[in-house]
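Engineer: below are the sequence and a predicted model for it; my questions follow.
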Amino acid sequence: MITLGIETSCDETSVALFKNSATRTPADLRPGTILSNVVYSSLKEHRRFGGVVPEIASRAHVETILPCVRASLKKARITLKRIDLIAVTQGPGLMGSLLVGISAAKALSLALGKPLVGVDHVVAHVYSGCLSDPLLKFPFLGLVVSGGHTLMLRMDDPKNFLVLGQTADDAAGEAFDKVAKILGLGYPGGPEIDRLARGQNTARFFFSRPILSKDSLDFSFSGIKTAVYTTVLGLKKKHRLTPQVKKEVAAGFQEAVCDVLVKKAFAASQRHRLKAIVVGGGVSANSRLRAKMNATARRCGTQVVFPSAGLCQDNAAMVAALGWALYKEGKRDGLGLAGYPRFGQQSSGGGEMTESEKETGLSEDKNLLDVHQAAGILDISEKELWDLVHAHQVQTHNIAGAFLRFRTPDIEALKNRWRIERELFPKRERYFSHHNTVTRAEWFEKLADFWHFNDFYIICSLLILALLAVIISFQ
Ligand SMILES: [Fe+2]
């Protein structure tokens, strides 16, 4: 079985193909093989802003998602027809970015007639440990440290997990970025601080470790960041912020963050009697964190798994692998699958594809907004709402959302707005409005037609350019 995974939660567009192991031998407990894992990062476009700009990230996803799908298929040397399952990051992440991946996944699921499974990005980071270490067994502790998340999970199996602790304010990666900015370093801050702090005295600048309370497994990093800011401000006033001092401040800060992460992770593993810890997310690439985790693991007799470099960053291989594991456990999502921005909002997912959805490609949207509720907001009958849904290929919550957002005075004005759109985009009308009579095979043909049209357009442009070049050379 081959799973196509899509990841677009932040600034990385990634598409991967994953083939699960048909039979697991005692020697190889890995869930399967990564056939390809293509990652495009729009990081360089965000650098000058000192952080990820959601709008830029979403646009980059729109531009790169299809090239990534093609590159992934080419790398794995397979065609779309051989895909058996589509897995996609459902959240947490930037909503605009998530929507691009989710839309692409839905389109592929619909066109290929293959099942769709939504995957949680944070859980996928933890599950990537299973791809890296064939001997890893459930239950284990997952520590996710990145620019967006810092939390610990007890993973009982791919489907069931328990949150043991999470950050009360900044994520660890976010603190690295902010401290890098305070020190006048580039973005992202993690690799810069890691490079600067290497081999430096960690004791000259001591920043207190926020442990919160004795029993708490939660984190807090904003205090360390403020302490660094105050220290740097004092040094600047005394003109003592030399390059060497910057290195030592970076080393002191990094040591404090790593100490907290290591202490809490091992406290959690001992309290819950977990014999293995998987460290995932971008910050897991930090050399000091790795050294300290490994040293403590040797002392405590605990196994520590750091996924390989390619699986530490945001990638679709972990999404595809977890998607397959969840599918095996019975998870199915319909075309009503919706993204969620924050961890813990998983329940807003799509649920199983209904017969009506399979027929029409439309979501009944039962998890997002009740039809009765939406009709109430719009002050129309449920039948009239369903007519709108079917005529405009939109979901009930979108209709109600548009109504509230634009403060449309009445439903007729809303209908007119869509009527105008339909006139402006007659082609879209042809493809989408007669969905009830269009079979899946026809959908596929129409998609293929659309791609051919694009190829034809490019070929014509190249021929015109070549012709112009010949004319200019003759003159
Ligand atoms: Fe991530």
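Structural biologist: Looks like it came in fine. Note that the structure is a prediction, hence the values are computed from the model and not measured. Residues are numbered from 1 along each chain as shown.

Engineer: per-residue pLDDT, residue 450?
Structural biologist: Residue 450 carries a pLDDT score of 53 in this model.

Engineer: what's the following helix or strand after the helix or strand that residue 74 is a member of?
Structural biologist: Assigned by DSSP states H and E, residue 74 belongs to helix 54-76. Next helix or strand after helix 54-76 toward the C-terminus (DSSP H and E): strand 85-91.

Engineer: domains for this structure, by residue range?
Structural biologist: Following automatic domain parsing, one finds the domains of the chain at 2-129+314-328, 135-306, 369-424.

Engineer: how far does the helix holding residue 74 sit from its chain's centre?
Structural biologist: Centroid separation for helix 54-76 versus its chain: 13 Å, with CA atoms, centre = their mean, to the nearest Å.

Engineer: over to stretch 161-169?
Structural biologist: Taking CA atoms, centre = their mean, one finds stretch 161-169 lying 18 Å from the centre of the chain it belongs to.

Engineer: buried set for it?
Structural biologist: By neighbour count with 16 or more other CB atoms under 10 Å, stretch 161-169 contains the buried residues 161, 164, 165, 166, 167. (Glycine included, C-beta is placed from N, CA and C.)

Engineer: quick one: name the residues of the chain near the ion.
Structural biologist: Within the chain, the positions near the ion by CB under 5 Å from the ion are 146, 314.

Engineer: could you redo the last one with a cut-off of 6 Å?
Structural biologist: 121, 125, 146, 281, 314 (CB under 6 Å from the ion).

Engineer: out of the residues you listed, who's the most crowded?
Structural biologist: Among the residues of the chain next to the ion, residue 125 has the most neighbours (other CB atoms under 10 Å), with 31 neighbours.

Engineer: shouldn't that one be within a helix?
Structural biologist: Yes - applying DSSP: H, G, I helix; E, B strand; the rest coil, one finds residue 125 inside a helix.

Engineer: chain neighbours aside, what residue packs nearest to it?
Structural biologist: In this structure, residue 125 finds its nearest non-sequential neighbour in residue 280, 3.4 Å apart by CB to CB, 6 or more residues apart in numbering.

Engineer: got the phi and psi for the one you found?
Structural biologist: Note on residue 280: backbone dihedrals following degrees, to the nearest 10 are phi -120, psi 170.

Engineer: could you do residue 152 as well?
Structural biologist: The phi/psi pair for residue 152 (degrees, to the nearest 10) is phi -120, psi 140.

Engineer: same question, residue 317
Structural biologist: Per-residue torsions, residue 317: phi -60, psi -40 (degrees, to the nearest 10).

Engineer: also residue 278?
Structural biologist: phi -110, psi 130.

Engineer: next one: residue 122
Structural biologist: phi -70, psi -40.

Engineer: that one touches residue 144, doesn't it?
Structural biologist: Yes - the pair residue 122 / residue 144 is scored as a contact, 5.2 Å apart, by CB atoms under 8 Å.

Engineer: anything in contact with each of those two?
Structural biologist: Here residue 122 and residue 144 share the contacting residues 151, 153, scored by CB atoms under 8 Å, 6 or more residues apart in numbering.
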